[in-house]
Structures are given as structure tokens and as C-alpha cells.
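Visitor: Got a predicted model here, sequence first, then my questions.
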Amino acid sequence: MREKLRCLDQAVCCSRTTSGLLKNHHFPICCTNESNSVPSRRVWEKVTEATFEARSTLSELNTAPLMSNAKAAEIQDTRVSKMAENLIGSEIIKLAGEIREKMAQGEKIYNFTIGDFDPKIFPIPQQLQEEIIKAYQQGETNYPPADGILDLRRAVAKMITEWQHLQYAENEILIAGGARPIIYAIFQAIVDPGDTVVFPVPSWNNNHYTHLSHARQVYVETSPENNFMPTADELREHIQGASLLALCSPLNPTGTVFSKEQLESICDLVLAENKRRGPEEKPLYVMYDQIYWVLTYGATQHFDPVSLRPEMRPYTLFVDGISKSLAATGVRVGWAFGPRRVIDKMKSILGHVGAWSPKAEQVASAHFLNNTNALNDYLSDFKKEIIGRLDGFYQGIQALKAEGFRVDAIVPTAAIYLTVQFDIKGMIQPDGQRIETTEQITAYLLNQAKLAVVPFSAFGASKSSVWYRLSVGTASMQDVQDSIGSLRSALAALQE
């Protein structure tokens, strides 16, 4: 039994790759191969996160001599795949559990953690709702085609042409139950076990999809100086031999976008890498998640790889849908478009998974997307409400900064997120405790300011980062004013 446990423990440590700069390292907790270097604390922390649940199980198993044989056998029988054992739970969901507990006890919490919408504040378009009801009443409840109904694929093709000036045929478009299965299918269609996937951090869920694909992760940490968008120089040393570069603009969690020059440089980098590869080698593909792209504000422009560099077309898979642009996260209509051969493979994968968008919702979405006036009217009002909240929070944070508090924010340009800095490490709380970690910052904001926001570390950034995502999808304008006041009081209670 003990020998088996040691082997399992080693497998847990050694099967997980994190920063992408390390592979098959043997960590001191279970391995003794001295020929491998010890990873940095940054990587070690990521490995610890990845294996925490597995290690808890192992600690329990290591007490086997104190258990009955039946109990030990029961635990042994529940062993699962290494992939499932090492899959990290969502940090946002963990934080949400704490928030629910406080709210259940009657506390007022300003919950700005979830990238979703309160339907009472931001309902889906009335016409879309009516079309969904109508489609169900007309019996649109059977299986849809595996790639989506033709009317919706045509509507998406029309929108791509009119809004992005790109030409994609219906057979180059795939409909699915939201963006998540689309992203999963891209990874499964392109990435083999052991392949390298490169992605910037902070970013949403790329680490999980890479893990599900049994691939090697390369985290590229970005900086506030570039609005947390990756640059070609930051990516350059990591893409050789990689299979997939995962990009997102507007970016979740930051609400920032690529500049034209930034994205052009990255496209040139990808094209040069693919030119270097031989004809038998798999090219470097780019997954371009643009699910927030219609939610840009002011003079902000959305750029995409194929518009800037048409030569990128064979290598670019777009991710899009209505979940964010129409506040329709629960309606579950998303799509991909890209090279037909890859789209066909993704169609086959999702056909086996059964991740179709419900047919009635597809029929309704096709009708609504073709109603250009209704779509534009909804987006005009919707964007006005979103930017009003983003700007209200931004101005509130800047006012606190002007008052001398150690906070800051990046000007909001897109999506439903504000990037906020709480640089309060080293400060002393009213109970005399000194704030020394990001976890303590998060706890102080929640307990004292009643403000729930998500640290960038939950999106793969360094544990030491003091930057946070604030989501406005559930915020009323009154919430904006009241939460800034509550934050001011909590910050004023801190001492240097």
C-alpha cells in the first residue's frame, strides 16, 4: 500500500506542468532525482494549487494503518484519472461560496465577482425572448444539425461580413452551446497530449482547457504598463514548437484590448514561426476569443488577426457568441469560425459530446441577428448602461486615489470589467493584523468593505499580484455609489 501511495504521489507531482518552462521536474515533496532543478516559488505555488486536492487525499491515504481495511479499500476504489485528480477548482467559485455564506447570514455584500448579468438589471432583448418562446411553441425541440441550423450559420456569416468585413462561408462556421464547448473543441481538434499551449496571464480558463487536453502549459505574465495585453516580445521565446496560442480581446479579466500595432506584431510572429516549420509539422494555430468584441466603448476599436494579416486565415480560430453581447449567458448560443478542415473536426468532436445549442434558441437567435435595427437599438442602450457603471467605478477609484488611498484603476475600454489595484500590503488592520498577502487583501475587502472582487491570481497571474477584476454585470448605479463609500471607510480604517 505505501509503495503504491509513493508512486501515486510522484505521478501527481510529475505529471503537472505549469509555467511551461518546466517539464517532468521532480519536486522535493515526493521525488529525489537531484539532476533536476528545484522550481521557483512562483511555479511551486502553481503546482501546489494543482495538486492540493490530490495531496489531501494522499494524506488521508497515508494514515491507512490507522484505518480499517474496509475503509482503506473504499478510498482506494475511488481513485480516478490523473487528469480528474489534478483538475483545479475555480477560485471564483470558492470565493462565491464565502459570499453566499455571508449573504445567508444577512450581510450586505457588493458582489462584483461573476462575469454574468443580473437579468433584472440587464435582461436579454425583448424580441429575442419573444422569438425563443415562439420557437418552443412551434415545436422546435428536436435535435439540431451537429454544426448548427443553416439559418443561424447564415445569420452569423452575414454579421461577420457586415461588422468585421470578413468573408466566411456557412460551412466554415460551427454553432454550439456557448463559447465553452467551442473552446474545448478547438483544444481537442488542435492539441495532442504533450503539445505546448502558450497563453498570457491573467486570462480566463486557458490553464484548465490545457489540462483537459493533457498538454504542456506556458504562462506568459503580462504587465499593467501594457494594460495586461501580451506583446510579441513577451511571447517570442515561447512559441517555437507550440501548437496553440490562446488570445482574447477584449480580455477577460481586464476589459482591455489589443492595439493595432500589438496584434500586428503578434501575427507577424506567428506567420514567421509557421514559415519556419516544415510541411510535415503541425502549424501554430491562434485561438482568438472575441466574445466581448461588440462591447467596446468610446474611440476603442476591436482588431482581429485575419483583418490585419489575411495570411493568418488558415491558422486562426475565432470564438464568439451572444452570451456577453446580449446579456444572454443562459441562452447558450456560441459559435466558431475558421479554416474548414478544423471546423469540420470540431463539429465531429462536439457531435460526440452533444454540446449543441438548443434548437429553439438557435432559431430565435437567427431571427434576432437578422433584425439589424433591433440588434443595434439593444446594443446602443446596453453599452450605455455598462459603460456608465464602468466609468462610475473608475471615477470613484480615482477619487480615492486622489484622497491618498493606495488604489488605482485602468481606464475601462471594453467588456464588463474594470481592472483595479489595491496596493495595501504592509498596512495594519483595525484588529492589529498586518496585511501581507493578496489573500488577506481579498479577505479585508470582503469583510470590512463588503466588497467582493476577484484577484488576478485566480486567472493565473502571480500570487503576489495586487490587481483585481471588478465585474459590473450585477451592479446597479446605486451599488456603484454605495460600494465606493463602503470601500472608502474600509481603507480609512487601515494604518501605515
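Guide: Now that the structure is in, tell me what you want to look at.

Visitor: Give me the longest helix you can find in the chain.
Guide: helix 372-402 (DSSP state H).

Visitor: for that helix, packing partners?
Guide: Packing partners of helix 372-402 (3 or more CB pairs under 8 Å, 6 or more residues apart in numbering; DSSP states H and E): helix 359-370, strand 407-409, strand 417-422, helix 477-492. In this view, the C-beta of every residue, glycine as well, is placed from N, C-alpha and C.

Visitor: shaky segments in the stretch 51-200 of the chain?
Guide: Scanning the stretch 51-200 of the chain for pLDDT under 70 picks out 51-77.

Visitor: can we see that at 80?
Guide: 51-78, 89-94 (pLDDT under 80).

Visitor: what about the helices in it?
Guide: 69-77, 82-86, 91-104, 126-137, 150-159, 179-190 (DSSP state H, counting those that start in this stretch).

Visitor: Please identify the deepest-packed of these.
Guide: Across those, averaging neighbours per residue (mean count of other CB atoms under 10 Å) puts helix 179-190 on top, at a mean of 23.

Visitor: Contacts for that one next, please.
Guide: 174, 176, 197, 205, 209-210, 212-213, 215, 243-244, 282, 285, 287, 289, 291, 317, 319-321, 323, 334-336, 342, 345-346, 349-350, 353, 355 (CB atoms under 8 Å, 6 or more residues apart in numbering).

Visitor: Of those, grab the buried ones for ChimeraX.
Guide: Per 16 or more other CB atoms under 10 Å, the buried members of those correspond to this ChimeraX selection:
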select :174,176,197,205,209,210,212,213,215,243,244,285,287,289,291,317,319,320,321,323,334,335,336,342,345,346,349,350,355
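
Visitor: Just the ones of the contacts of helix 179-190 in strands?
Guide: 174, 176, 197, 244, 285, 287, 289, 317, 319-321, 334-336 (DSSP state E).

Visitor: Out of the residues you listed, the closest to Pro125 would be?
Guide: Gly321 (14.6 Å; CB to CB).

Visitor: Excluding sequence neighbours, find me the nearest residue to that closest one.
Guide: Excluding the flanking residues, the one nearest Gly321 by CB to CB, 6 or more residues apart in numbering is Gly334, at 3.1 Å.

Visitor: list the contacts for that neighbour?
Guide: 175-182, 291, 319-323, 357.

Visitor: how close does Ala355 get to Tyr184?
Guide: 8 Å (CB to CB, to the nearest Å).

Visitor: OK, contacts around the closest residue to Tyr136 other than its chain neighbours?
Guide: Nearest residue to Tyr136, sequence neighbours excluded (CB to CB, 6+ apart): Ala360, at 4.8 Å. Contacts here follow CB under 8 Å, 6+ apart; on that basis Ala360 touches Ile132, Ala135, Tyr136, Glu140, Thr141.

Visitor: With distance to Leu487 added, can I get the residues you listed in a markdown table?
Guide: Compiled in a markdown table, the contacts of Ala360 are given as follows (distance: CB to CB, whole Å):
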| residue | distance to Leu487 |
| --- | --- |
| Ile132 | 39 |
| Ala135 | 44 |
| Tyr136 | 44 |
| Glu140 | 47 |
| Thr141 | 48 |
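
Visitor: Arg389 contacts Ser471, correct?
Guide: No - Arg389 lies out of contact with Ser471 (CB atoms under 8 Å); the separation is 9.8 Å.

Visitor: Checking Gly330 next. Helix, strand or coil?
Guide: For Gly330, the assignment made with DSSP: H, G, I helix; E, B strand; the rest coil gives coil.

Visitor: That one: neighbour count?
Guide: Using other CB atoms under 10 Å, Gly330 has 12 neighbouring residues.

Visitor: Ok, Gly426 next?
Guide: Neighbours of Gly426 (other CB under 10 Å): 11.

Visitor: right, and it touches Glu436 too?
Guide: Yes - Gly426 lies in contact with Glu436 (CB under 8 Å); the separation is 7.4 Å.

Visitor: anything in contact with each of those two?
Guide: Counting by CB under 8 Å, 6+ apart, Gly426 and Glu436 have no contacts in common.
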